[in-house]
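Q: the following comprises the amino acid sequence and a computationally predicted model.
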Amino acid sequence: MSEFTGERAIPGEIDADLLNEHVARYLFAARLARGKRVLDAGCGAGYGSAELARAAQSVVGADVAAEAVGHARAHYQAANLCFECASCAALPHPDSAFDLVVAFEVIEHLADWRQFLLEARRVLAPTGQFIVSTPNKLYYDESRGAAGANPFHAHEFEFDELREELTRIFPHVSLFLQNHVDALAFQPDAPDSAVEVRVDNAGPKPAEANFFVAVCAHRTQLGAPTFVYVPETANVLRERERHIAKLEAEVEAKNSWLAEAEQSHAALLEAHRALTEELHSSNRWAESANRELEERRARVAALQEEVEKANRWALGEGARLEAELRKSNEWARGLDAEIERLRTEIKNLLDRVAPLEEQLARSEDRRGQMDEQMQMIRSSRWVKLGRKFGVGPSF
């Protein structure tokens with residue numbers, strides 16, 4: 001089902017008066033659609049295209065919204081009716097393809113509405129007509145009041161602006177004012193095709209109109225009669241009574257809802273009181289926690305200062321120890337060099353002592369030999385005889 005947003009009329013989903021407002025425009029155009037090739041640009045839900053197809057040779061309903069086209073295809077079928085998904089600013093049709101182009105409540109939605117007017121002129125046959133409707137900006141500015149601008153509208157028109165823009169594209173423009181009117185109808189009990197209508201008119205007042213409807217053409221148009229649509233729901237008093245009854249039912253439902261709301265109001269107040277007390281308690285706890293947090297932050301700051309002092313002392317002490325270590329390393333390297341020098345001297349001395357020890361050993365050997373020889377001499381009889389006579393060596 002196509003979603004109703006307030007900007008797309010869907011039969012059965014909107015108020016009857018609002019639907020009649022839209023249907024009336026299609027009935028106005030249907031008088032000019034007999035036997036013609038018709039394009040319904042911005043066809044929406046498709047009910048208007050179906051109405052035009054009752055009299056036209058063929059009708060193409062075009063809309064940029066795929067869901068709208070799907071809704072139209074599902075609900076309205078006829079041999080001379082088709083629907084397509086297309087942009088009004090780039091219509092997929094050749095030049096002069098249609099005898100009648102209608103665009104009801106479309107132009108105000110388009111940011112590139114001038115391009116749409118050019119497209120409408122392009123696809124319109126030389127003898128064709130273009131019918132366009134749009135809300136009266138002055139009227140709707142006043143009626144919307146504080147609600148502000150319609151978010152679905154890109155550009156709204158005042159009467160003179162609309163006439164000026166249309167005559168730039170189409171040399172012949174007939175403008176109509178569409179309004180809801182109160183009327184009194186006298187209908188015969190038996191069906192009768194004859195209709196007489198009297199419209200008292202003190203003169204058109206464009207600034208007060210609800211909508212503007214323009215019939216545009218390349219050539220001169222003959223006649224611009226007043227058109228009056230009397231829908232089946234035109235029994236105003238009966239419709240108002242039904243509307244009042246509906247409103248009364250809504251008021252009763254709202255009163256019932258209000259009573260339920262009042263019954264729960266006390267409970268909500270109590271819940272609010274409890275939540276408020278809980279909030280106060282939470283705030284007190286948060287304040288205490290904040291104070292404790294500040295104290296801890298101060299302690300952390302003090303500890304960080306102590307750590308920084310310790311780090312500075314450690315850096316100074318480390319530099320001193322490093323200097324001493326460098327000195328110790330230098331002394332050790334000097335000591336190693338001295339030891340190596342002494343080792344070299346000792347080696348040299350040892351190298352020099354070895355020959356002396358060998359020489360000493362040889363001397364010791366000779367001395368032993370000499371001692372043996374002396375002993376032999378002392379113990380010889382010649383030496384003994386010489387001592388006895390006081391001659392010879394005295395050893």
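A: Yep, it's here.
Q: from here on, contacts and neighbour counts on C-alpha atoms
A: Fine.
Q: pull the number of nearby residues for the closest residue to residue 384 other than its chain neighbours.
A: Nearest non-adjacent residue to residue 384, counting by C-alpha to C-alpha, 6 or more residues apart in numbering: residue 378, 7.1 Å away. Residues lying near residue 378 (other C-alpha atoms under 10 Å) number 15.
Q: how much space separates residue 378 from residue 185?
A: From residue 378 over to residue 185 the distance is 190 Å, taken as C-alpha to C-alpha, to the nearest Å.
Q: just residue 274 next, same as before
A: 65 Å.
Q: over to residue 74?
A: 36 Å.
Q: can you check residue 114 too?
A: Counting by C-alpha to C-alpha, the gap from residue 114 to residue 185 is 41 Å.
Q: try residue 170
A: Taking C-alpha to C-alpha, one finds residue 170 at 38 Å from residue 185.
Q: if you count surrounding residues, which of the two has more?
A: Between residue 170 and residue 185, counted using other C-alpha under 10 Å, residue 170 has the larger neighbour count: 18 against 11.
Q: residues contacting that one?
A: 121, 216-218 (C-alpha atoms under 8 Å, 6 or more residues apart in numbering).
Q: those residues into CSV, with extra columns for distance to residue 128, secondary structure and neighbour count?
A: Listed next are the contacts of residue 170 as CSV, based on distance: C-alpha to C-alpha, whole Å; DSSP: H, G, I helix; E, B strand; the rest coil; neighbours: other C-alpha atoms under 10 Å:
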residue, distance to residue 128, secondary structure, neighbour count
121, 9, helix, 23
216, 9, strand, 25
217, 6, strand, 25
218, 7, coil, 18
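Q: residue 59: which of those is nearest?
A: The shortest approach to residue 59 among the contacts of residue 170 belongs to residue 121, at 17.4 Å (C-alpha to C-alpha).
Q: I'd say the closest one and residue 171 touch.
A: No - judged on C-alpha atoms under 8 Å, residue 121 makes no contact with residue 171 at a distance of 11.0 Å.
Q: need the phi and psi values for residue 378.
A: phi -60, psi -40 (degrees, to the nearest 10).
Q: and the strands in this protein, which stretches?
A: Ranges of strands in the chain, per DSSP state E, are 37-41, 58-63, 81-85, 98-104, 124-135, 172-178, 211-217.
Q: quick one, which of the ones you listed gets closest to residue 225.
A: strand 172-178 (9.5 Å).
Q: between strand 211-217 and the closest one, find me the angle.
A: Orientation check (axes from the mean of the first three to the mean of the last three C-alpha atoms, to 10 degrees): strand 172-178 against strand 211-217 gives 160 degrees.
Q: can you spell out which helices and strands pack onto strand 172-178?
A: helix 159-169, strand 211-217 (3 or more C-alpha pairs under 8 Å, 6 or more residues apart in numbering; DSSP states H and E).
Q: of the ones you listed, which is nearest residue 37?
A: Between the helices and strands packed on strand 172-178, strand 211-217 lies closest to residue 37; by C-alpha to C-alpha that is 15.2 Å.
Q: residue nearest the centroid of the protein?
A: Centroid-nearest residue in the chain, with C-alpha atoms, centre = their mean: residue 151, separated by 19.8 Å.
Q: got phi/psi on that one?
A: According to degrees, to the nearest 10, residue 151 has phi -70, psi -20.
Q: what's around residue 98, how many residues?
A: Residue 98 - counted by other C-alpha under 10 Å - has 26 other residues nearby.
Q: my error: substitute residue 42 in the last question.
A: Using other C-alpha under 10 Å as the criterion, the residues surrounding residue 42 number 27.
Q: and it, what pLDDT?
A: Note on residue 42: pLDDT of 96.
Q: ok, it - contacts?
A: 61-64, 88, 103-104, 106.
Q: now the residue nearest to residue 94 when sequence neighbours are not counted: how far from residue 88?
A: Sequence neighbours aside, residue 123 is the residue nearest to residue 94 in space, at 6.2 Å (criterion: C-alpha to C-alpha, 6+ apart). Relative to residue 88, residue 123 is positioned 11 Å away (C-alpha to C-alpha).
Q: and if you look at residue 94?
A: 14 Å.
Q: out of those two, which sits in the more crowded spot?
A: residue 88 (23 against 10).
Q: that one and residue 43 touch, don't they?
A: No - if you go by C-alpha under 8 Å, residue 88 and residue 43 don't touch, sitting 10.5 Å apart.
Q: overlap in contacts of the two?
A: 62-63.
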